[in-house]
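Visitor: no FASTA, just this:
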């Protein structure tokens, strides 16, 4: 039995990683401040839960002691919030990551897998995004995620601590919070469609995103804990327009929702698509199509509406 730590493990992606690691028979410890995570996401899972903050250096050392790997997802995750709370963003995302790296370094053979972001590419119009493109982070959130990637590389080079960074594109799936002030398009669209309420799109809907299902992201994390020491794009490598997404969701939910178009939001990136060749060469291939993933996600939110 291996011991795995998931920082931010009560969150959307972290809880899915916890679920899969438990299924595989591992010891799983979740460290989460519950700033944006929820303990209900871990309901029924055989995990040890520690409520705490990655800024607490001693706590992080204690939790990570004798771990085989750390999946580091804890972060200030909202881009708008990072602009309002810049110093806090640096404290959590950069200094918190250093605490994790130091704690892992104190162990023998403990690998750190960092969840990072396609936001590091900025609004460079060149597509698809390749890992060796010059990064152009535009917000404190993206800058701190890039900091994390550099620190992981430094700890690998300086201390031979095994590390890997995963640049997520647009992750979606069950447990993504549709009520958050900074919620992503998929859970909002699904919730609106299930209730036949208007679906709002900023701009004309032609903007594209590279969506990937959370269960494929889980597989990416587990693979990265076993092989690879670099930064990798995690995406389908396929673009879907926001209008196409809304129409797919309407069709799959048999919804009567009207699609409304509002003014384009300033700062929104027009198009996004990943080159996934680098990670594919390590053996990663997403197994869920957009439609299959949306069907599973819709079923989850449908059940949530019935329960609530």
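Guide: Happy to help now that I have it. Since this is a predicted model, take the numbers as computed values, not measurements. Numbering: from 1, shown residues only.
Visitor: Low-confidence ranges, the stretch 101-250 of the chain, go.
Guide: 181-182 (pLDDT under 70).
Visitor: Strands along that one, start to end?
Guide: Using DSSP state E, counting those that start in this stretch, the strands of the stretch 101-250 of the chain run over 111-117, 163-168, 170-172, 199-202, 208-209, 211-213, 231-234, 240-241.
Visitor: do you know which of the ones you listed lies nearest residue 131?
Guide: strand 231-234 (5.3 Å; CB to CB). (Glycine included, C-beta is placed from N, CA and C.)
Visitor: What's the end-to-end length of stretch 203-210?
Guide: 18 Å (CA to CA, to the nearest Å).
Visitor: Format the strands of the stretch 101-250 of the chain as TSV; extra columns: mean neighbour count and distance to residue 152.
Guide: Formatted as TSV, the strands of the stretch 101-250 of the chain follow (neighbours: other CB atoms under 10 Å; distance: least, CB to CB, whole Å):
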stretch	mean neighbour count	distance to residue 152
strand 111-117	26	5
strand 163-168	26	4
strand 170-172	21	20
strand 199-202	19	34
strand 208-209	22	26
strand 211-213	25	21
strand 231-234	25	8
strand 240-241	16	30
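Visitor: Include distance to residue 131 when you put those strands into a markdown table, please.
Guide: Formatted as a markdown table, those follow (distance: least, CB to CB, whole Å):
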| stretch | distance to residue 131 |
| --- | --- |
| strand 111-117 | 11 |
| strand 163-168 | 7 |
| strand 170-172 | 17 |
| strand 199-202 | 29 |
| strand 208-209 | 18 |
| strand 211-213 | 16 |
| strand 231-234 | 5 |
| strand 240-241 | 22 |
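Visitor: closest one to residue 259 among the ones you listed?
Guide: Between the strands of the stretch 101-250 of the chain, strand 199-202 lies closest to residue 259; by CB to CB that is 5.1 Å.
Visitor: partners of that closest one, with directions?
Guide: Sheet pairing of strand 199-202 (DSSP bridges) gives strand 259-262 (parallel).
Visitor: Can you pull out the residues in contact with stretch 217-229?
Guide: 4, 13, 16-17, 19-21, 69, 71, 111, 113, 115, 156, 162-164, 166, 168, 171, 232, 234, 279, 282-284, 286-287 (CB atoms under 8 Å, 6 or more residues apart in numbering).
Visitor: dump the residue contacts of residue 236.
Guide: 169, 210-212, 274, 276, 286, 290.
Visitor: Distance to residue 306 added to those, as a markdown table?
Guide: Formatted as a markdown table, these follow (distance: CB to CB, whole Å):
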| residue | distance to residue 306 |
| --- | --- |
| 169 | 31 |
| 210 | 32 |
| 211 | 25 |
| 212 | 27 |
| 274 | 35 |
| 276 | 36 |
| 286 | 29 |
| 290 | 25 |
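Visitor: Filter those residues down to the buried ones.
Guide: 169, 210-212, 274, 276, 286, 290 (16 or more other CB atoms under 10 Å).
Visitor: Which of those fall in helices?
Guide: residue 290 (DSSP state H).
Visitor: of the buried ones among the contacts of residue 236, closest to residue 47?
Guide: Closest to residue 47, out of all of these and judged by CB to CB, is residue 212, at 24.1 Å.
Visitor: distance of the closest one from residue 21?
Guide: 19 Å (CB to CB, to the nearest Å).
Visitor: where do the helices sit along the stretch 51-200 of the chain?
Guide: 57-64, 79-84, 86-89, 96-105, 140-159, 185-194 (DSSP state H, counting those that start in this stretch).
Visitor: how about those in a markdown table, adding mean neighbour count and distance to residue 45?
Guide: A markdown table is the format used below for these (neighbours: other CB under 10 Å; distance: least, CB to CB, whole Å):
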| stretch | mean neighbour count | distance to residue 45 |
| --- | --- | --- |
| helix 57-64 | 18 | 17 |
| helix 79-84 | 16 | 28 |
| helix 86-89 | 16 | 29 |
| helix 96-105 | 22 | 22 |
| helix 140-159 | 20 | 26 |
| helix 185-194 | 23 | 21 |
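Visitor: Output those helices in a markdown table, with distance to residue 270 appended to each entry.
Guide: Below are the helices of the stretch 51-200 of the chain laid out as a markdown table (distance: least, CB to CB, whole Å):
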| stretch | distance to residue 270 |
| --- | --- |
| helix 57-64 | 39 |
| helix 79-84 | 16 |
| helix 86-89 | 25 |
| helix 96-105 | 30 |
| helix 140-159 | 17 |
| helix 185-194 | 15 |
